[in-house]
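K.L.:
here's my sequence, what's the structure:
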Amino acid sequence: MTGTRHEEGPRRRRGPSSCGTGPGDRSGVSGLRQDELLADVDHGGVGDGALVGLVEGGPATLHLVLVGELPEGVTGLDDDGLGLGDDGLLARVAGKPLLIDCSTIAPETARKVAEAAAAKGLTLLDAPVSGGVGGARAGTLSFIVGGPAEGFARARPILENMGLNIFHAGDHGAGQVAKICNNMLLGILMAGTAEALALGVKNGLDPAVLSEVMKQSSGGNWALNLYNPWPGVMPQAPASNGYAGGFQVRLMNKDLGLALANAQAVQASTPLGALARNLFSLHAQADAEHEGLDFSSIQKLYRGKD
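P.N.:
I've put the predicted structure just below:
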């Protein structure tokens, strides 16, 4: 697995969640209307995959980048939900572009669509992203790519314009596997961090002081360092802004569901992942508004009515 960092700032134009480059074509999609392409995109929230911008520059062979959180199983426009039919995305793409799907979907779905693309002489990469809304705006996302090395080499210059870390995880579906592993761990870490903070506060500790103690001790983790779930501890974190923005609870539940489905398919044991899914599901069911809040709002599950 390899990673790269770009030295200069990202070159991009703010725009819809679809990207495309090619000689004389800045509209985003070769041979497709953008509104058609995005018709099935879930606009309820901005997840990891919701990049902002049309990419400038890059190889002329890259005509289309699919970016955004699509509902599970939806990567195209036709009735089968996979873009594989006569009226699907793959049938309507002009030329031989390199296709990059940046949504987070099941690895099995990614492999199926990649096989269908290959049968039409197309290369499709699964390239889910990590880094959230802030990373999308700053151009510091991580792209986790699955697909052939040749396709990765073609896509890399474009992805480097949008992200800071570009990883080649392996063949088709590998990007999705790595992404759901990462997000399963993220959900576990956030739930555990929220639980520990709630316990300390119930015992009279200042959440900011406790957070610093744990950050500098063996309990230190990404949530404590960058995304504290307790309101007021980190002014820029969603927790200090009404849990608005960020990575929504419904998306965390979706990704945890993907992880558990994959674990069942490959007969892997994921008891903590299952527990995290149950906790986030309970949180979502406790109040209708919770699904649209940032996933760090899991803290509410532990704080109760205080």
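
K.L.:
which residues in the stretch 151-300 of the chain form helices?
P.N.:
Secondary structure of the stretch 151-300 of the chain (DSSP state H, counting those that start in this stretch): helices at 174-202, 207-215, 222-226, 249-266, 271-286, 299-303.

K.L.:
can you redo those as a markdown table with mean pLDDT and distance to Leu293?
P.N.:
Where you see a C-beta, it was placed from the backbone N, CA and C, and this is true even at glycine. As requested, these are exported to a markdown table (pLDDT from 0 to 100; distance: least, C-beta to C-beta, whole Å):
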| stretch | mean pLDDT | distance to Leu293 |
| --- | --- | --- |
| helix 174-202 | 98 | 13 |
| helix 207-215 | 98 | 18 |
| helix 222-226 | 95 | 15 |
| helix 249-266 | 97 | 6 |
| helix 271-286 | 98 | 9 |
| helix 299-303 | 95 | 8 |
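
K.L.:
now those helices in TSV, with distance to Ala239?
P.N.:
TSV is the format used below for the helices of the stretch 151-300 of the chain (distance: least, C-beta to C-beta, whole Å):
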stretch	distance to Ala239
helix 174-202	9
helix 207-215	10
helix 222-226	10
helix 249-266	13
helix 271-286	14
helix 299-303	7
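
K.L.:
redo those helices as CSV? Include mean neighbour count and distance to Asp126.
P.N.:
As requested, the helices of the stretch 151-300 of the chain are exported to CSV (neighbours: other C-beta atoms under 10 Å; distance: least, C-beta to C-beta, whole Å):
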stretch, mean neighbour count, distance to Asp126
helix 174-202, 21, 4
helix 207-215, 17, 34
helix 222-226, 17, 24
helix 249-266, 20, 12
helix 271-286, 17, 21
helix 299-303, 20, 32
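
K.L.:
out of the ones you listed, which comes closest to Ala118?
P.N.:
Go through the helices of the stretch 151-300 of the chain one by one with C-beta to C-beta and the one that ends up closest to Ala118 is helix 174-202, at 15.6 Å.

K.L.:
and that closest one, how far from the chain's centre?
P.N.:
Mean-position distance between helix 174-202 and its chain equals 15 Å (C-alpha atoms, centre = their mean, to the nearest Å).

K.L.:
so that helix versus helix 249-266, what angle?
P.N.:
Counting by axes from the mean of the first three to the mean of the last three C-alpha atoms, to 10 degrees, helix 174-202 points 120 degrees away from the direction of helix 249-266.

K.L.:
quick one, helix 174-202 and helix 271-286 angle?
P.N.:
Regarding helix 174-202 and helix 271-286, their directions subtend 70 degrees when assessed with the same axes, to 10 degrees.

K.L.:
now helix 174-202 against helix 207-215, angle please.
P.N.:
Angle of helix 174-202 versus helix 207-215, following the same axes, to 10 degrees, is 130 degrees.

K.L.:
before we move on, back to that, closest to Met162 out of the helices of the stretch 151-300 of the chain?
P.N.:
Put simply, out of the helices of the stretch 151-300 of the chain the one that sits nearest Met162 is helix 174-202, at 14.9 Å, with distance taken as C-beta to C-beta.

K.L.:
quick one: low-confidence ranges for this protein?
P.N.:
Within the chain, the stretches falling below the threshold (pLDDT under 70) are 1-88, 94, 305-306.

K.L.:
closest to Pro235 out of the helices of the stretch 151-300 of the chain?
P.N.:
Between Pro235 and the helices of the stretch 151-300 of the chain, the shortest gap by C-beta to C-beta is with helix 207-215, which sits at 11.1 Å.
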